[in-house]
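Undergrad: Test case, fold it:
(2 chains)
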2 protein chains.
Amino acid sequence: MTATPALRVVSNAPTAKAVLSQGFDRLLALVDADMRATNQLIVDRMASKVPLIPQLAGYLIAAGGKRLRPLLTLASAQLCGYQGTRHHGLAACVEFIHTATLLHDDVVDESDLRRGQRSANAVFGNQASVLVGDFLFSRAFELMTADGSIEILRILSSAAKTIAEGEVMQLSVASSTKTTEADYLEVITGKTAALFAAACEVGAVVADQPEDAQEALRLFGLNLGIAFQLVDDVLDYSAVQAKLGKEVGNDFREGKMTLPVLLAYKRGSAEEKAFWQRTLEDKTFNEHDLDHAITLLQKHGTLAATIDRARQYGAAAQSALSHFPPSAVREAMLESVSFVIERDY
Amino acid sequence: MTATPALRVVSNAPTAKAVLSQGFDRLLALVDADMRATNQLIVDRMASKVPLIPQLAGYLIAAGGKRLRPLLTLASAQLCGYQGTRHHGLAACVEFIHTATLLHDDVVDESDLRRGQRSANAVFGNQASVLVGDFLFSRAFELMTADGSIEILRILSSAAKTIAEGEVMQLSVASSTKTTEADYLEVITGKTAALFAAACEVGAVVADQPEDAQEALRLFGLNLGIAFQLVDDVLDYSAVQAKLGKEVGNDFREGKMTLPVLLAYKRGSAEEKAFWQRTLEDKTFNEHDLDHAITLLQKHGTLAATIDRARQYGAAAQSALSHFPPSAVREAMLESVSFVIERDY
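TA: This next block holds a predicted model:
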C-alpha cells in the first residue's frame, strides 16, 4: 500500500450546524436526529476492504460541507409526514452522488482547495479521486437498489445523468464569450439544480405522496438549486476567501462564463470586451486582472443583478411550498431559501 | 463550443467479427442479429443534447473493441433459451459501464493509445473523458431502471462497485514488490472478472432462470474474466504492438505488479530483485529496461506459467457450463474460452 495521510473518519463530522447561520438553524434542529442517523450511515456505507476508499471519501465528507442535499431529502420527507427510516439511507445516497461529482469536478477543475482545506485530488492524486468517485457513485446505486424503489432509482439515475450532461456542457461552453444566458441556465440547471430537485422529490416519493406533491417538491428543489448556484457564482467574485472555503476567483481563472460575467460582457465597451476575451478565452492573465474583473462587474452592477435573479428563483421555490399546509418544517424550509440567497459564503 | 474532432458515429461499428479470429466466429454468428440490435441501441442511447457526449463516447465505441462483455450477455441469454428483446438493452448497459471504466482508466493510466488509436483522453482531454464516463455510467443505470428489474440492478451496481474497488486496490498496491499473488488476484477479479461475471449472470436473470443456472453463468463469467486478464497481462510483455492495439510494456512503465512480474520477482536473484525495485517501485528507467524485463520473465518462465494459470481458470469456466445441456451456443461458448487464452492480441 502506498502511504496516504492517516485520517480518522469521525462518525459525527461537523455538520451544517457549525457552518450555517440561523437561516438553516431551525431546519437543522427539526431534522437533527435524522441527520445524525444519516451521517452514521454515510460513514458505515463508505466502508470498503480497500482502505484508501474510506480514507479518501472520509477526507472529503469529514471536511464538513453543508450537507445541504441530504438535508433537503430529510426535510422534504418530514414535510410529507414520513414516519419511517428509509429516508436516512436515501439521503446518504444523495450525499454519495454529490461527493462523487465533487471528486470528479476537482480533477476536472484542477482545484487545490475545497471546503477550506486542500482538495482530495491535491492530497491523494487525480487517479484515486476519479476511482473513489466511481466507487461512491456505484455504491449509491447499490444502496438504492437495496432500498428497492424503482421510482427513486429513476429519479436519481436521471439526476446523475443530467449532472454529467451539465458538466460536459459547461466544458463545451467554457471560455466562450458567445455563451448565452440560456446556455448558462442550462449548465447550472444540470450541474447543480438537478440534484437539488431529485433530493427533494425523493423525500416525497419515500413518503408515498401523490404526484402533485412530488412535483411541488421537485420544483422547490429545482428553483432553490438554481438560486444556490447563481449566488455561488456571485460569491466566486465577492466572497471573503477565509469564509468561502475555496479560492476566490476560481471561475475567472478557469474561464467559466457565469452570469455576472455574461452580463458584464454584454454591457461592456469594446475595450472591456477585449479584456474578457483576453482573460477568459485566451487565458492570458496579468497580475491585477481579477481586481479589474471585479471592478467591471461592480461598474455594471452584474453581481447585484445576479442576486436579483437568484431572488426570483428563490421566490419560485417558496411558492412551490404553498402546496403544503403550514407547519414548522415548511416555515423553516421557506426561511432556508432566504438564507441560501443572502449568505456570504 | 470548443473545437472537437468531427466524428461520425456509425450505426454498425466494426464489431468483434473483424477483430477476433475463429474461436469467437461461431459464437458471433449465433448472436449476430442480437449484436446488431445491441449496437444500434448503443448508438441510440448515448445520444445527448450535448454534442460532445456522443462524439467522445462514439469515438471510443466506434473504435471497435471486442464487444466481449455484451456478447457474453447475449450468448448467456441464448444459452438459457431467452426469446425476448430485453437482453439487447441490457447488453448495451453492460457495454456502457465497460466504456465508462475505460474512459476513467485511460485518465488514470495517462494512456495515449487504446484499441489501436489515440485514446479518448489524448484526443478530447482528461476533463471530458471523466465527465463522459460519468454520463455513460449514469445512463446505464437510467436504462436499467427503465428495464425495471431490481435483480439486474443489484447485479450490475454491485459489479460497478467491485470494479472501482479493484481499480483503487490496484492503485494502492501498484509499484510495490510486496504485492502478493492473492492481492493480484483480488485486483483482477475486481477490475475485470466482476463485470464478465455480471454480464453472464444478467443473461440468466433476464431469461428468468433459477438460481443455480444464474450461479453457473456467474461462475463461467468470473473464471473467464480472470483468465482473460491473466492473458492480457502476459500480452503486455509479449504481444506484437500492431496486433495488440495498445502499447506493449504499458504495465511495466506504470509499475503494475502483474503475475508474470510477481513470479519473476519471487524467483529472481538479489540483483534481479534490485532491477525490479528500481524500475517498478522507483520508476527509474534506462533505455533497454523493457527488453531486460522481458528477458527475465522468459528466463524464469513466468509468461508461460501465467498462461498455465489462465488455462486453469479457463477450464473452470468451461466446467461451469456443464450445468446446461449441449447446444450450439454452449459449444461456441466453450470454444471461445480457448480463444481467450490462446489469442495473441
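Undergrad: tell me the helices in the stretch 201-345 of chain A, going along the chain?
TA: For the stretch 201-345 of chain A, the helices defined by DSSP state H, counting those that start in this stretch occupy A:211-238, A:241-244, A:250-254, A:259-267, A:270-276, A:289-299, A:302-320, A:328-342.
Undergrad: what about the ones you listed, which gets the closest to B:L56?
TA: helix A:250-254 (20.0 Å; C-beta to C-beta). (Glycine included, C-beta is placed from N, CA and C.)
Undergrad: any idea how far that closest one is from the chain center?
TA: Its chain's C-alpha centre and that of helix A:250-254 lie 17 Å apart, by C-alpha atoms, centre = their mean, to the nearest Å.
Undergrad: ok, and for it, which residues are buried?
TA: Neighbour-count burial for helix A:250-254 flags A:250-254 (criterion: 16 or more other C-beta atoms under 10 Å in any protein chain shown).
Undergrad: so what secondary structure elements neighbour that helix?
TA: In this structure, helix A:250-254 packs against helix A:211-238, helix A:289-299, with contacts taken as 3 or more C-beta pairs under 8 Å, 6 or more residues apart in numbering or on different chains; DSSP states H and E.
Undergrad: Could you pull up the mean pLDDT of the first one?
TA: Confidence over helix A:211-238 (mean pLDDT, whole number) is 97.
Undergrad: Run the angle between it and helix A:302-320 for me.
TA: Comparing the axes of helix A:211-238 and helix A:302-320 via axes from the mean of the first three to the mean of the last three C-alpha atoms, to 10 degrees yields an angle of 160 degrees.
Undergrad: relative orientation of helix A:211-238 and helix A:328-342 in degrees?
TA: 30 degrees.
Undergrad: what comes up buried for helix A:211-238?
TA: Residues of helix A:211-238 classed as buried by neighbour count (16+ other C-beta under 10 Å): A:213-214, A:216-238.
Undergrad: For chain A, which residues score under the pLDDT cut-off?
TA: Counting by pLDDT under 70, chain A shows low-confidence ranges at A:1-23, A:63-64, A:108-117, A:240-246, A:345.
Undergrad: Next, name the residue at the spatial heart of it.
TA: Nearest to the mean C-alpha position of chain A, counting by C-alpha atoms, centre = their mean, stands A:T192 at 5.5 Å.
Undergrad: pretty sure that residue contacts A:Q229?
TA: Yes: the pair A:T192 and A:Q229 passes the contact test of C-beta atoms under 8 Å, sitting 4.1 Å apart.
Undergrad: Strands of chain A, start to end?
TA: Remark: strands assigned in chain A by DSSP state E are A:113-114, A:117-118.
Undergrad: A:P326: neighbour count?
TA: Around A:P326 there are 9 other residues, counting by other C-beta atoms under 10 Å in any protein chain shown.
Undergrad: ok, it to chain B distance?
TA: The gap separating A:P326 from chain B is 35 Å, by C-beta to the nearest C-beta, to the nearest Å.
Undergrad: Now the phi/psi pair for that residue, please.
TA: According to degrees, to the nearest 10, the main-chain angles of A:P326 amount to phi -60, psi 140.
Undergrad: What's the separation between it and A:L79?
TA: 11 Å (C-beta to C-beta, to the nearest Å).
Undergrad: do the same with A:R67
TA: Counting by C-beta to C-beta - A:R67 and A:L79 are separated by 17 Å.
Undergrad: And for A:I163?
TA: Taking C-beta to C-beta as the measure, A:I163 and A:L79 are separated by 24 Å.
Undergrad: which residues touch the spatially closest residue to A:T279 that is not a sequence neighbour?
TA: In this structure, A:T279 finds its nearest non-sequential neighbour in A:D289, 5.4 Å apart by C-beta to C-beta, 6 or more residues apart in numbering or on different chains. Going by C-beta atoms under 8 Å, 6 or more residues apart in numbering or on different chains, A:D289 touches A:252, A:275, A:279.
Undergrad: How many residues are close by the closest residue to A:F228 other than its chain neighbours?
TA: Once flanking residues are discounted, A:F228 sits nearest to A:V340: 5.2 Å by C-beta to C-beta, 6+ apart. Neighbourhood size, A:V340 [other C-beta under 10 Å]: 25.
Undergrad: who's in contact with A:V340?
TA: A:V340 neighbours (C-beta under 8 Å, 6+ apart): A:23, A:224, A:227-228, A:231, A:314.
Undergrad: I'd say A:F141 and B:S157 touch.
TA: Yes: counting by C-beta under 8 Å, A:F141 touches B:S157, with 4.0 Å between them.
Undergrad: more crowded one of these two?
TA: It is A:F141, of A:F141 and B:S157, that has more neighbours when counted by other C-beta under 10 Å, with 29 against 26.
Undergrad: Between A:F141 and B:S157, which contacts overlap?
TA: Listed as contacting both A:F141 and B:S157 by C-beta under 8 Å, 6+ apart are B:F141.
Undergrad: dump the residue contacts of A:I42.
TA: A:I42 touches A:61, A:70, A:92, A:95-96, counting by C-beta under 8 Å, 6+ apart.
Undergrad: So which of those is the closest to chain B?
TA: Nearest to chain B, judged by C-beta to the nearest C-beta, of the contacts of A:I42 is A:F96 at 11.0 Å.
Undergrad: Show me what counts as buried in stretch A:303-318.
TA: Using 16+ other C-beta under 10 Å as the test for burial, stretch A:303-318 gives A:303, A:305-307, A:309-311, A:313-314, A:316-318.
Undergrad: and if you look at stretch A:149-160?
TA: A:149-150, A:152-160.
Undergrad: Within reach of chain B, which of the residues you listed are there?
TA: Intersecting the buried residues of stretch A:149-160 with the contacts of chain B gives A:150, A:153-154, A:157-158, A:160 (criterion: C-beta under 8 Å from any C-beta of the partner chain).
Undergrad: which pair in the residues you listed spans the largest distance?
TA: Maximum pairwise distance among those (C-beta to C-beta): 15.4 Å, between A:I150 and A:A160.
Undergrad: ok, which stretches of the stretch 51-200 of chain A are helices?
TA: With helices called from DSSP H, counting those that start in this stretch, the stretch 51-200 of chain A shows them at A:52-62, A:68-79, A:86-109, A:120-124, A:126-147, A:150-173, A:181-188, A:194-206.
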